[in-house]
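Asker: Here is my input, please return the structure:
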Amino acid sequence: MYEVGISKAFGLLMPTFFKKNSFQIFIKIPKNYIILVTTLVNQIFMQKKILLIGIITFQILILVGMLGKAFYPLWIGEEVIFRVLPRDPRDIFRGNYVDLQYTFNNINLNELANDLDRFGKYRFGDKLYVELALKNGFYEPVGLWQHPPESKKFLQVIAEDTYGYDTLQSISVKAGIESYFTSAENALKVEKLTLNDSVQISVSVMLAPDGKARIKKINTKPIKRQQVSQGDNSLQ
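Answerer: Numbering: from 1, shown residues only. Take a look at the predicted model:
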């Protein structure tokens, strides 16, 4: 048994041990009760610790999953090269980011094979699939489908804007490879090269089997006859 004193001083209840004076009332608490309470308190703190570790681990797993989802085309994808179209120089440069535009970003449905509902409505974020074919060293769009084309190389895109009055005439899409992060020096270099008609800019992309893509590098190639001997370069 333990003697526990309850002090009445200043109107407060304060536990004291093995002290006797006229201002205290003593009660006896069984030893087993003290052990039980201590055990319960320890269990509560241990459960909270385990819960905290579980929450932290879960958050780390989510982060790893997000990174894996974003970068897995680089690990398992097949390299394809897209031609980059010239852009307004006022829009292309954003600090360490370079904005890129490709031949598949704006699709005229009257000129490209597709199965889109010309009377339907496509909302921002709707998934579509651009069929690709190799032409003159670059992959170009040859079809736009609502489902992945079988036995074809394709790029997964999302709808952005649609154009047309009574029927759908054209659609703009994005594949998530329209912005490239690099050093500010290289970003400025790419911006200047887009204004140079003697240089062909292309992008090497790793394309996963499900159509998701990730940029590997930006390539530049002189296109004037007297500069061809300089070979290809790439911006990391």
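Asker: Against which helices or strands is the strand or helix carrying Lys49 packed?
Answerer: For Lys49, the host element (DSSP states H and E) is helix 31-76. Contacts defined by 3 or more CB pairs under 8 Å, 6 or more residues apart in numbering; DSSP states H and E place helix 31-76 against strand 199-207, strand 213-222. For glycine as for every other residue, the C-beta is placed from the backbone atoms N, C-alpha and C.
Asker: so how far is it off the chain centroid?
Answerer: Offset of helix 31-76 from its chain centre (CA atoms, centre = their mean, to the nearest Å): 25 Å.
Asker: dump the residue contacts of the nearest residue to Thr162 once chain neighbours are set aside.
Answerer: Excluding the flanking residues, the one nearest Thr162 by CB to CB, 6 or more residues apart in numbering is Ile171, at 5.0 Å. Shown in contact with Ile171 (CB atoms under 8 Å, 6 or more residues apart in numbering): 106-107, 109, 116, 122, 128, 144, 159-163.
Asker: Tell me the one of those residues nearest Lys217?
Answerer: Using CB to CB, Asn106 is the member of those that sits closest to Lys217, with 24.2 Å.
Asker: Neighbours of the closest one, how many?
Answerer: Other residues lying near Asn106 total 15 when counted by other CB atoms under 10 Å.
Asker: dump the residue contacts of it.
Answerer: By CB under 8 Å, 6+ apart, the contact list for Asn106 reads 170-172.
Asker: And Leu132, by the same measure?
Answerer: Neighbouring residues of Leu132 by CB under 8 Å, 6+ apart: 80, 104, 139-142, 152-155.
Asker: Pairing partners for it in the sheet, please.
Answerer: Using DSSP bridges, the beta-bridge partners of Leu132 come out as Pro141.
Asker: again with Val157
Answerer: With DSSP bridges applied, Val157 shows beta-bridge pairing to Leu128.
Asker: tell me the secondary structure for Ile171?
Answerer: Under DSSP: H, G, I helix; E, B strand; the rest coil, the three-state class of Ile171 is strand.
Asker: measure it to Ser198 for me?
Answerer: 33 Å (CB to CB, to the nearest Å).
Asker: Quick check: which helices or strands does the strand or helix carrying Leu144 pack against?
Answerer: Using DSSP H and E, Leu144 falls within strand 138-145. Strand 138-145 is packed against strand 78-83, strand 113-114, strand 127-135, with contacts defined by 3+ CB pairs under 8 Å, 6+ apart.
Asker: 6 Å instead?
Answerer: Contact here means 3 or more CB pairs under 6 Å, 6 or more residues apart in numbering; DSSP states H and E; on that basis strand 138-145 packs against strand 78-83, strand 127-135.
Asker: Report the mean per-residue pLDDT for the last one.
Answerer: Model confidence over strand 127-135 averages 95 on the pLDDT scale.
Asker: tell me which residues in it are buried?
Answerer: Buried residues in strand 127-135, counted by 16 or more other CB atoms under 10 Å: 128-132.
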